[in-house]
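Q: Sequence and predicted model, in that order:
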Amino acid sequence: MASKNNKKRAEPGEIIAVIRRIASENGREYVAQYALAGICLLLTAATTAFTAWIMRDVIDKIFYERRSDLVLGISAVVFGAFALRGFASYGQAVILAKIGNNLVARYQRRVFAHMMRLGLDFFVENRSARLAARINQNVNGVRDLLNTTLTAVTRDAVSLIALLVVMVIQDPVLSLSALVIGPPLVLTVNMLVKRLRRMTREQVDITSRLLGSMQEAAQGIAVVKAFTMEDQLSRSLDKQITRVEKRSNKIASVSERLTPVTDVLAGTAVAGVIAYAGLQFSGSATPPGSVFAFITALLLAYDPARRLARVQVSLEKSLVNARMIYEILDTPPRQQDAPGAPALRVDKGEVRFENIRFGYVGDLPVLHGVSFTAEAGKTTAIVGASGAGKSTLIALLERFYDLDGGRITVDGQDISTITKQSLRSSIAYVSQQPYLFEGTIRDNIRYGRETATDGEIEEAAKLANAHEFIERQSQGYDTEVGENGVTLSGGQRQRIAIARALVRDAPILLLDEATSALDNESEARVQEALDKAMVGRTTIVIAHRLSTVVNADKIVVMEEGQVAEEGTHGTLLADERGLYARFHRLQSARGLGLVDDRKAAQPAPEPQRIATHG
Ligand SMILES: Nc1ncnc2c1ncn2[C@@H]1O[C@H](COP(=O)(O)OP(=O)(O)OP(=O)(O)O)[C@@H](O)[C@H]1O
């Protein structure tokens, strides 16, 4: 999220601007419902004022003039007013809740859909667990902003005005004296709102951080336990929890300061009015009905006035929330398709990297002019030290980031000029740590291609050597996988990911080979599955296994963001002083897969660069 915006203070009138934006984006659909809620709120206001109004007749007619003939009528009217108020309040509450829930759902959908369009850099900047907590906290603010405004304006403001009218009609002098509490009230509210604005933003930030940390601790529970990090994490969470608690207490104490202020001011007004009216009434013969009606109106006015005084406080909180939601919605998606961009047409599936320059952050280049060709239908293995830029190349081919220089082509078409959708549909990707989503094994394979039939899913699973173990699961293909597949072994997860890639049936296959220790049998099965997946596809594989490299049609050796050597296993090995030959010697000595260990490779003399352009 744009952190520079986080510190920005709300401009006066910004509440109105944000409400207007929310209303203009969503208002139309809700016009009829809001109108109905408005009518209910007006009825509530009118019946409230009427209850005060009728007090005059209650006192004057029933008690003073002793008109017993009117008792029944007046009682019935009072009953009717209360009943109407009850139903109107019920109606507005239900309608507003429905609109509110729908609004929350809409914003959740919108934010999620927008997030799915944002570039990977957004997710690098924003930790996922914290982001989820932040969205959930803030989305309610959008709802409250609209509903609070509507309730405040239609119910409380109208009630207050109606009651003020009753008061002025009953006794203009008393009304004026009661209104002197207005200015100090407004001053206090303004002072509190300024303090609350800053505190609310901090509150959302630290609460999101806390919820995010809790979620991350739960996700990484195996590591937490293995490294006995429990106490350490508990201590760090303890600090965050204390901060949130203190901040919440501070917010409560500041926002609740309004209550004693309003009560003292209201007490002054009511006591003053009673004293003044009492003194006046004791020496006069006029019936006390209007004074009673006035006092009733004054007492009834207290609630809406108190709520209205608080409204700015709650609007301020909601405004902070709404602004944080709009910060996400206003983050422009990266790697947008050019207007009218055509779809990729894959013929043979040749991939060319031409003089690629790229860095994740400003002046820290990661790739310095990488060029090579992954020939159609063949396997190209990329090897090299850790951090050499291998995974970055794959991310760039998927167009997760924009290049700083050079171009990548598929069958001669620059991938920055075609639609991302068509590019990514032509690629199947198996990452080093395959991610399994909530749902069944079948669902997880079907993510490869939504339209895949059950038969095709089983076929892909068989090719991926996954069918047998899937059948052995309690519910076969319909077994729910635990969070990120915790119920499956590493090798099983990988084979499901390979089945997912196979079912995609894409002409280009990108593999980031797993380095995690799989047992021999499991590794052999994964390898066999991969070998089958590679047949007839342009495969680019970040290779860690010797067998993959040896059998590859081409090997690209990366070093510090450049292509150091290029060739086949045979030609590269022939150059004994070369980087690849050195890697290979180390490997053979260790009897392991291809080792990405630069330190181990360093003592050997500088390798001869064979080729840097494909
Ligand atoms: N999201 C990122 N933001 C900033 N820098 C990054 C990011 N991802 C990778 N890098 C940096 O880019 C360089 C190349 O990383 P890359 O992951 O491509 O290396 P690799 O050759 O695939 O390494 P490994 O074999 O260890 O996976 C590294 O120096 C790394 O620190």
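A: Arrived safely, thanks for sending. Residues are numbered from 1 along each chain as shown.

Q: quick one: contacts for Leu237?
A: Contacts for Leu237 were tallied using Cβ atoms under 8 Å, 6 or more residues apart in numbering; they are Leu210, Ser213, Met214, Ala217. The way it works is simple: take the backbone N, C-alpha and C, and place the C-beta from them, glycine included.

Q: so where's the stretch 201-350 of the chain uncertain?
A: For the stretch 201-350 of the chain, the stretches flagged by pLDDT under 70 are 283-287.

Q: er, the chain actually
A: In the chain, residues with pLDDT under 70: 1-13, 283-287, 483-486, 514-523, 588-614.

Q: Show me what counts as buried in stretch 429-448.
A: 429-431, 434, 436, 440-448 (16 or more other Cβ atoms under 10 Å).

Q: quick one: which of the residues you listed is nearest to the ligand?
A: Among the buried residues of stretch 429-448, Ser431 lies closest to the ligand (Cβ to the nearest ligand atom), at 10.7 Å.

Q: need the contact list for the closest residue to the closest one other than its chain neighbours.
A: Among residues not flanking Ser431 along the chain, Asp512 sits closest, at 5.1 Å (Cβ to Cβ, 6 or more residues apart in numbering). Counting by Cβ under 8 Å, 6+ apart, Asp512 touches Ser391, Ile394, Tyr429, Val430, Ser431, Gln432, Val541, Ile542.

Q: all strands of the chain, in order?
A: With strands called from DSSP state E, the chain shows them at 351-359, 365-374, 379-384, 405-410, 413-414, 427-430, 439-440, 480-481, 508-512, 538-542, 554-559, 562-567.

Q: Out of the ones you listed, the one nearest Met167 is which?
A: strand 439-440 (62.8 Å; Cβ to Cβ).

Q: Which residue would be the closest one in the stretch 1-150 of the chain to the ligand?
A: Val124 (4.7 Å).

Q: Identify the residues contacting that residue.
A: So Val124 contacts Tyr360 (Cβ under 8 Å, 6+ apart).

Q: could you say what helices and strands the top helix by length along the chain packs with?
A: Ordering each helix of the chain by length in residues (DSSP state H) puts helix 71-117 first. Contacts defined by 3 or more Cβ pairs under 8 Å, 6 or more residues apart in numbering; DSSP states H and E place helix 71-117 against helix 14-57, helix 128-150, helix 289-329.

Q: Try it again at 10 Å.
A: Applying 3 or more Cβ pairs under 10 Å, 6 or more residues apart in numbering; DSSP states H and E, one finds that helix 71-117 contacts helix 14-57, helix 120-125, helix 128-150, helix 289-329.

Q: For the stretch 351-500 of the chain, which residues are neighbours of the ligand?
A: Contact residues, the stretch 351-500 of the chain versus the ligand (Cβ under 6 Å from any ligand atom): Tyr360, Val361, Val366, Gly384, Ser386, Gly387, Ala388, Gly389, Lys390, Ser391, Thr392.

Q: Could I have the buried ones of those residues as ChimeraX selection syntax?
A: Buried members of these, defined by 16+ other Cβ under 10 Å, are picked up in ChimeraX with:
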select :366,384,388,389,390,392
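
Q: Out of the residues of the stretch 351-500 of the chain next to the ligand, flag the one nearest to Phe292.
A: Using Cβ to Cβ, Val361 comes nearest to Phe292 of those, at 73.4 Å.

Q: From what I see, that closest one and Tyr401 are in contact.
A: No: counting by Cβ atoms under 10 Å, Val361 does not reach Tyr401; the two are 11.2 Å apart.

Q: so what's Phe50 up against?
A: Val77, Val78, Gly80, Ala81, Phe82, Leu84, Arg85, Ala162, Val166 (Cβ atoms under 10 Å, 6 or more residues apart in numbering).

Q: Can you name the residues that contact the second one?
A: Applying Cβ under 10 Å, 6+ apart to Val78 gives the contacts Phe50, Thr51, Ile54, Met55, Asp57, Val58.

Q: give me that answer again for 7 Å
A: Ile54 (Cβ atoms under 7 Å, 6 or more residues apart in numbering).

Q: And for the fourth one?
A: Ala81 makes contacts with Thr47, Phe50, Thr51, as judged by Cβ under 7 Å, 6+ apart.

Q: from the chain's centre, how far out does the longest helix of the chain sit?
A: Offset of helix 71-117 from its chain centre (Cα atoms, centre = their mean, to the nearest Å): 27 Å.

Q: now swap in stretch 105-124 and tell me
A: 6 Å.

Q: Would you tell me which residues of this protein are close to the ligand?
A: So far as Cβ under 6 Å from any ligand atom goes, the chain lies against the ligand at 124, 360-361, 366, 384, 386-392, 596.

Q: which stretch among the strands of the chain comes nearest Met229?
A: strand 480-481 (25.8 Å).

Q: residues near Glu327, how many?
A: Burial measure for Glu327: 17 neighbouring residues, criterion other Cβ atoms under 10 Å.

Q: Report the separation between it and Arg334.
A: Distance, Glu327 to Arg334, using Cβ to Cβ, to the nearest Å: 16 Å.

Q: what does Gly439 give?
A: Gly439 is 28 Å from Arg334, by Cβ to Cβ.

Q: for Gln215, same thing?
A: For Gln215, the distance to Arg334 - Cβ to Cβ - is 26 Å.

Q: before we move on, what about Leu43?
A: With Cβ to Cβ as the criterion, Leu43 and Arg334 are 51 Å apart.

Q: now do Thr419
A: 15 Å.

Q: From Gly439, how far out is Asp205?
A: From Asp205 to Gly439 the distance is 33 Å (Cβ to Cβ).

Q: which ones are touching Ile457?
A: Arg442, Ile445, Arg446, Tyr477, Val503.

Q: Narrow these to those in helices?
A: Arg442, Ile445, Arg446, Val503.

Q: Quick one: those residues as TSV, columns for distance to Phe469 too.
A: Formatted as TSV, the ones in helices among the contacts of Ile457 follow (distance: Cβ to Cβ, whole Å):
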residue	distance to Phe469
Arg442	14
Ile445	13
Arg446	18
Val503	17
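
Q: for those residues, which one is nearest Gly289?
A: Nearest to Gly289 among the ones in helices among the contacts of Ile457 is Arg446, at 76.4 Å by Cβ to Cβ.

Q: For Glu438, grab phi and psi.
A: phi -60, psi 140 (degrees, to the nearest 10).

Q: distance of it from Arg334?
A: Distance from Glu438 to Arg334, by Cβ to Cβ: 27 Å.

Q: tell me which residues form a beta bridge with the residue in the stretch 401-550 of the chain positioned nearest to the ligand?
A: Closest to the ligand within the stretch 401-550 of the chain is Ile542: 6.3 Å, counting by Cβ to the nearest ligand atom. Applying DSSP bridges to Ile542 yields these beta-bridge partners: Ile382, Asp512.

Q: The longest helix of the chain to helix 289-329, inter-axis angle?
A: Per axes from the mean of the first three to the mean of the last three Cα atoms, to 10 degrees, the angle that helix 71-117 makes with helix 289-329 is 10 degrees.

Q: got the angle between helix 71-117 and helix 128-150?
A: Using the same axes, to 10 degrees: helix 71-117 against helix 128-150 is 150 degrees.
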